[in-house]
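**Q** have a look; sequence and predicted model below, questions after that.
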Amino acid sequence: MPPFGPRPDASATEEVRALPFQWSLLAWAALVGTLTGLAVVAFHELLGLINNGLFGPVVSWAMALVGQGQPEVMPVPVEPLPVDSGTPLRALLQIGLGGLGFLPPPPLPPDPTPPAGGDLPLWLASWPVVLMPALGGLAVGLLRRWSKDLGPGLPSLMAMADGAVQAAPKLPFQRLLAASLSLGSGASLGPEGPSVESGGNIGLWVGSRGGLPPESQKALVAAGVAAGLAAGFKAPIAGVFFAFEGSYSTIPGRPSIRAVLVAAVASALVTQLCLGSDPIFRLPAYEVRSPLELPLYLGLGVLASLVSLALVRLLAAGRSASVQSLLQLLPSWLLPCIGGLCVGLMALAFPQVLGVGYDTIEALLGSGGGIALLTLLGLLLVKLLATALSSATGFVGGGFAPSLFAGAVLGNLYGQVLGDGGLQLPIAEPPAYAMVGMAAVLAGSARAPLTALLLLFELTRDIRIVLPLMAAAGLSAVLVERWQGLADPGLLGPDALEDERRHSLAQISVGEALEPEAPLVLDAETSASEALKQLLEAHGHCLVVERDNWVLGLVTLSDLQRALSSGGPEVPLEECRRSDLLWLPASANLSQLEDQLRPNGLRQLPVFALQDQALPKLPSGLSAAELPLAALQGLASRDGMARALARAQSRA
């Protein structure tokens, strides 16, 4: 028989068993996913209501007001007018106006006499397209003036969960209303950005109201992000990966993964119950002609990286201080109206740039290559400009849908050039390249290749598309990161709070974040055991490795422990390095220090005073041969950055 009384280690065993499972966090995550799903459903219903109202009865009334059409006569049911293929631009205009549902096909007149104004050119007859975005912009401007703040973006939410910024999450009523007005009236943005940011705000709001610790609050922010993307695209797997792959970052861990999974499932379930299980847009079956096509998809990945870079930089330029200072010369409430007017003028030639553009994507994916190449190129350029203008002038929306749109146009154009429209190569039809182009541009602009890959895979449910998707999306993301660095370009939209925080960091020199103690510098031939001993005596976390008065790199305490366990105590210090040297010049600021530390998981970074040296492209540094030991100023650290910020606040 077992002995009476509790075992000596019973309490310890119960504590160990209680730690791995955080049922309360999963319950909070389920609540976040459900609320986010309901918010996205309401958002889509309101968006459809505004879009159908503006581009249906309002457009019909406006056209009747000037004598175009006769609304008092009920037209008999007729077949839709065939697309006029006389000119590619005319065909594209009719595809856009009919496929997007912005303008219904004109009814047949009840008598042979055409109505007044019926002989107007097609581009001039579409003049109400100019009016609707301007009206929507006026409504958005007034809403912004009334609400003042639509809520923080994702980078600010993570800073709030960390405690670096005072937590101020907002329930997304005003943000989703502004997004509905923006997209419903034709702003060239996407609905996924507001959905994702609303989910993040709901996650932080629930976490703060529940009194959860910072790590749990960050997990709920990630859960809300996953729920927002899963509900917006009806793609829960892509939502889960985006929560951990997004450039705003979160701390991965088993509790966070569980919370993200639960929230994504809950939001996807709510969306399917309310909106149906049909995908957000239908993609054709992927066709494989030959495995030898893979190099051609790599070429598409290179072009997609250029389009991604153009989209990211145009959005960043629209939010830059110089452009915003120029735009602020106009009344803030009138600015979106003027931006909508400009987008509407672009839509006279290319109506496909209006709104989300999913119907246009489906038309491109179903096209056999009948749209002229120059027309596609013009549509791509105008879409990028319209997206940047919509974002800069204050419309609310994200960049996911524009990136998918641009990728579909680019892929269709690329496929036509390689196929029947150009080189006559025996390749797949242009829609196959359009699908891969969608993933490649999204991967490059959102810095999320896995999310783009899984999103297209979930929409197509075709395993054959995975290989070209991986090749093109991965190459596009790598090239954009090489050219742009890892700093978040804000594809999801502007984040005023984060921009303000980054601006305050940029005002402080990196010299303010230097550790007070001089760094430990050891020769490259020093043994790992001796280096560990000296580092412990100095109470440091890392040391500088040098040879002949030239700095080779940094070695951390964990690097030394790993080298000792695998190579023995006599391993030279030079072989303990795990990566190239990352550094900053003395002219850098704290925002650049943060850009170096965050993606690399570092705590300290060497700072050098060099003459005529350009700032290294973050997060990579120059070769060690250009870093003399005499120029070493010290080590800038996370703790030093916190002390520098505290000193700046005390002086203020």
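**A** Yep, it's here.

**Q** centre of the chain to the helix or strand containing Gln561, how far?
**A** Following DSSP states H and E, one finds Gln561 within helix 557-567. Relative to its chain's centre, helix 557-567 lies at 38 Å (Cα atoms, centre = their mean, to the nearest Å).

**Q** what pairs with the next helix or strand after that helix, parallel or antiparallel?
**A** Downstream of helix 557-567, the first helix or strand assigned by DSSP H and E is strand 584-585. In the sheet, strand 584-585 lines up against strand 604-608 (parallel) (DSSP bridges).

**Q** give me the contacts around the partner strand.
**A** 510-511, 514-515, 519, 541-542, 544, 551, 554, 581-586, 588, 593, 596-597, 627-628, 631-638 (Cβ atoms under 8 Å, 6 or more residues apart in numbering). Any C-beta I mention is one placed from the backbone N, CA and C, and that applies to glycine too.

**Q** sitting in strands, which of the residues you listed do you find?
**A** Of the contacts of strand 604-608, the ones assigned to strands by DSSP state E are Cys542, Val544, Val551, Leu554, Leu584, Pro585, Leu632, Gln633, Gly634, Leu635, Ala636, Ser637.

**Q** show me which pair in these is furthest apart.
**A** Cys542 and Pro585 (19.2 Å; Cβ to Cβ).

**Q** those two: which has the busier surroundings?
**A** Cys542 (23 against 20; other Cβ atoms under 10 Å).

**Q** contact partners for the closest residue in space to that one that isn't next to it in sequence?
**A** Ranked by Cβ to Cβ, 6 or more residues apart in numbering and with sequence neighbours excluded, the top spatial neighbour of Cys542 is Thr556, at 4.4 Å. Thr556 sits next to His541, Cys542, Arg603 when contact means Cβ under 8 Å, 6+ apart.

**Q** lowest confidence element among the helices and strands of this structure?
**A** helix 88-99 (a mean of 40; mean pLDDT, DSSP states H and E).

**Q** list only buried entries from the contacts of strand 604-608.
**A** 510-511, 514-515, 519, 541-542, 544, 551, 554, 581-586, 588, 593, 596-597, 627, 631-638 (16 or more other Cβ atoms under 10 Å).

**Q** can you pull out the helices in the stretch 201-350 of the chain?
**A** 214-233, 236-245, 254-275, 294-318, 321-327, 335-349 (DSSP state H, counting those that start in this stretch).

**Q** who are the packing partners of the longest one?
**A** When contacts are defined as 3 or more Cβ pairs under 8 Å, 6 or more residues apart in numbering; DSSP states H and E, helix 294-318 sits against helix 373-392, helix 400-418, helix 430-446, helix 466-484.

**Q** JSON lines for those, including mean neighbour count, mean pLDDT and distance to Leu54?
**A** Shown next, in JSON lines, are these (neighbours: other Cβ atoms under 10 Å; pLDDT from 0 to 100; distance: least, Cβ to Cβ, whole Å):
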{"stretch": "helix 373-392", "mean neighbour count": "21", "mean pLDDT": "92", "distance to Leu54": "16"}
{"stretch": "helix 400-418", "mean neighbour count": "28", "mean pLDDT": "92", "distance to Leu54": "18"}
{"stretch": "helix 430-446", "mean neighbour count": "31", "mean pLDDT": "91", "distance to Leu54": "27"}
{"stretch": "helix 466-484", "mean neighbour count": "22", "mean pLDDT": "88", "distance to Leu54": "35"}
